[in-house]
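**Q** I'll drop the sequence and a predicted model, then ask my questions.
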Amino acid sequence: MTLNIEKHDLAECQVQLTVEVPGDRIQGAMRSAARRLSNKTRIPGFRPGKAPYDMVVRKVGEEAVFDEALDNLGQDIYREALQQSEIEPYAPGSLEELVTRDPLVLRYVIPLEPEVELGDYAGLAQTLSARIDRLADRSEAAAAALERLARHLDDKVDPLSASATAALGQTERTLATAQGLLAKGSDLRVGIDQLLQSATGAAKSLRNLADYLERHPEALLQGKR
């Protein structure tokens, strides 16, 4: 049976469906709900699931029967409304509102797949492509420069290595000569030792004289006379 559906587009990629449920659908759903409830409710004089509709309503209340009916009927109406409206939800929708009970009118909100502006992405893709091309050109230029540098270094490494080896040998020979001149027992070492001894003695004499004059300052006056 065709449903009476009003469709309204909402913000944030959503659509609202307001559906009027035929009266015979709700009556049938109410009786099915009463049978389910009678299976879970003890009604004296009746086996589970066998109590009449009116007895179940008096026992549990019409509101409980209606709520039980709406749980199943609401899902059935939702699926039928999607199919009739040719809507493919992006995610499960929801029953947002029970508008009226007589007639039964239900309002659903269904999320839709987000719409993407391809023009913006196309422009971004072109920009990225241009930047990638420039980066590739720079990378090729850098690789060529590194190759030239490598060839240049190959030509220079051997002469530089030879010069460094010669300088290191000269330094080692100079140190050996200095060590020989200052070796224990050499003439230069003896002369240096004697000079150091004389200097040490002179310094000691000067220190003794300074200490004496500090203790006897009158010696300076006597000396001047």
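**A** It's in.

**Q** where along this structure do the helices fall?
**A** Secondary structure of the chain by DSSP state H: the helices cover 23-40, 53-60, 62-85, 118-181, 187-215, 218-224.

**Q** worst average pLDDT in those helices?
**A** Note on those: lowest mean pLDDT is at helix 218-224, with a mean of 53.

**Q** please verify my assumption that residue 97 contacts residue 107.
**A** Yes - counting by C-beta atoms under 8 Å, residue 107 is a contact partner of residue 97 at 4.2 Å. Backbone N, C-alpha and C define where each C-beta goes, glycine included.

**Q** these two: which is more packed in?
**A** For the pair residue 97 and residue 107, the greater number of neighbours falls to residue 107 (16 against 13), based on other C-beta atoms under 10 Å.

**Q** please report the distance of the more buried one from residue 17.
**A** In this view, residue 107 and residue 17 are 7 Å apart by C-beta to C-beta, to the nearest Å.

**Q** okay, now the domains of this protein?
**A** 4-111, 118-181, 185-225 (automatic domain parsing).

**Q** next, count neighbours for residue 29.
**A** 23.

**Q** my error: substitute residue 11 in the last question.
**A** Using other C-beta under 10 Å, residue 11 is surrounded by 5 other residues.

**Q** please report how far it lies from residue 4.
**A** 25 Å.
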